[in-house]
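Visitor: Fold the following for me, if possible:
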Amino acid sequence: MGFSCGIIGLPNSGKSTIFNALTSLSVPCQPYPFCTIEPNVGVVAVPDERLTNLARILKPEKVVPATIEFIDIAGLVKDAHKGEGLGNRFLSHIRNVDAIAHVVRCFKAGDVPHVYKDIDPIRDVEIVETEIIISDLEIIEERLKKIERMAKVSKEKGEEEVELLHHLRDTLEKGSFIDMEGMEEGKRERLRSFNLITTKPLFYIANIDEEGLYNPQTKELESYASGKGKRFISVCGKLEGELSSLPEDERKAYMELYGLKKMAIFDVIKIGYSILGLITFYTIVGKVMRAWTIKDKTPCIKAAAKIHSDMERGFIKAEVINYEDFIKWGNEHIAREKGLVRIEGRDYPVKDGDILHIRFNV
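Guide: The predicted model follows:
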């Protein structure tokens, strides 16, 4: 199963424009609210210079990059938790993703009306996130009622969960999302079972116009994100959507015209990948080189399972060389002579950039 990042925000914030730039897919993008009803899904290749460099040296016939799903979810409005604007339906879509990219409108464009008349990024963020917090609070309250009934049967279990739920409720009532860092694994596991939106990693995308980098409101949003300990990136969605639809040669020419060294949309993909705590390992089998996505600190046997279930069942050992060592010498034979190809067992935590050769019995 792949990892997914949901794109959320108010209607007309430019979510579909950002999605189009990410995926180069043609989805409806019209200047009126709720153009997007069912989520649009795009599988996006993760930019990876290491994969490019390995391919240049090894010259495989086929190169398969790591991927992440981006999902364009319809806009939330005030009172979405009560069903306003089909809100409950949209909130359920957000519960199904692994991470959240919150697109915030920082462009003026008079031909695209703002659902709340004027441009105010902080207000817009708080409207959307208040709806998310309220929807999670409702889940907590329902769970508390259920646990209070269950406590009559199993008092100890009930007390443990009630204590956790009270902590979650207090956090949400302060207007904060829930930070799972530092929680013991037992509480994390229980918390994951609640499927709360506020536990998902989140970052902000300021959707700007060509002058937006110098817009005080964009800077205000950046400070707001920093204060919450969240990642932030500015993207001119309209421009990058146009650039992403061009052939590579034309794209480079236009980027030079605009003074762009790189497209911000690629950093959006990288941020979505990194906030999920994902790493990449590589395999070279026959004429195919492939990048694989796993969670950081995944044991080698589970990485093998990602490739094929037979590798997990018949796992013997893994031959491992890290990308940096391979690139330094540019040749596996030399790397072996230098003692840089290691033999690792099933419990070895795979590192970002590892090149694995799994030995297994069929």
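Visitor: Give the next helix or strand downstream of the least confident helix or strand in the chain by mean pLDDT.
Guide: One helix or strand of the chain scores below all others by mean pLDDT, DSSP states H and E: helix 87-95, with a mean of 68. Counting by DSSP states H and E, the next helix or strand C-terminal to helix 87-95 is strand 99-105.
Visitor: what about the biggest helix by length in the chain, average pLDDT?
Guide: Counting by DSSP state H, the longest helix found in the chain is helix 121-150. The average pLDDT within helix 121-150 is 88.
Visitor: Give me the neighbour count for Asn322.
Guide: 19 (other CB atoms under 10 Å). For glycine as for every other residue, the C-beta is placed from the backbone atoms N, C-alpha and C.
Visitor: Ok, Arg190 next?
Guide: 14.
Visitor: Need the per-residue pLDDT for it.
Guide: Reading off the model, Arg190 has pLDDT 88.
Visitor: Show me which residues of stretch 172-190 are buried.
Guide: Under the neighbour-count criterion of 16 or more other CB atoms under 10 Å, stretch 172-190 has Leu172, Phe177, Ile178, Met183, Lys187 buried.
Visitor: on that earlier part again, show me what counts as buried in the longest helix of the chain.
Guide: By 16+ other CB under 10 Å, the buried positions in helix 121-150 come out as 121, 124-125, 127-133, 135-137, 139-140, 143-144, 147.
Visitor: That one to strand 99-105, inter-axis angle?
Guide: Angle of helix 121-150 versus strand 99-105, following axes from the mean of the first three to the mean of the last three CA atoms, to 10 degrees, is 140 degrees.
Visitor: now for helix 121-150, which elements pack on it?
Guide: Applying 3 or more CB pairs under 8 Å, 6 or more residues apart in numbering; DSSP states H and E, one finds that helix 121-150 contacts helix 87-95, strand 99-105, helix 155-173, helix 185-194, helix 216-227.
Visitor: Which one of those lies nearest to Tyr348?
Guide: The stretch from those with the least distance to Tyr348 (CB to CB) is helix 185-194; that distance is 20.7 Å.
Visitor: what does the next helix or strand after that closest one rub up against?
Guide: As assigned by DSSP H and E, the chain's next helix or strand after helix 185-194 is strand 202-207. Residues from elsewhere that reach strand 202-207 (CB atoms under 8 Å, 6 or more residues apart in numbering): 7, 13-14, 17-18, 99-107, 121, 125, 177, 212, 218, 221-222, 224-225, 230-237, 268, 271-272, 275.
Visitor: same thing with stretch 327-347?
Guide: Residues contacting stretch 327-347 (CB under 8 Å, 6+ apart): 53-54, 57, 299-301, 315, 317-322, 325-326.
Visitor: same thing with stretch 170-187?
Guide: Identification of contacts with stretch 170-187 by CB under 8 Å, 6+ apart yields 129-130, 133, 136-137, 140, 164, 168, 188, 191, 196, 198-199, 202, 228.
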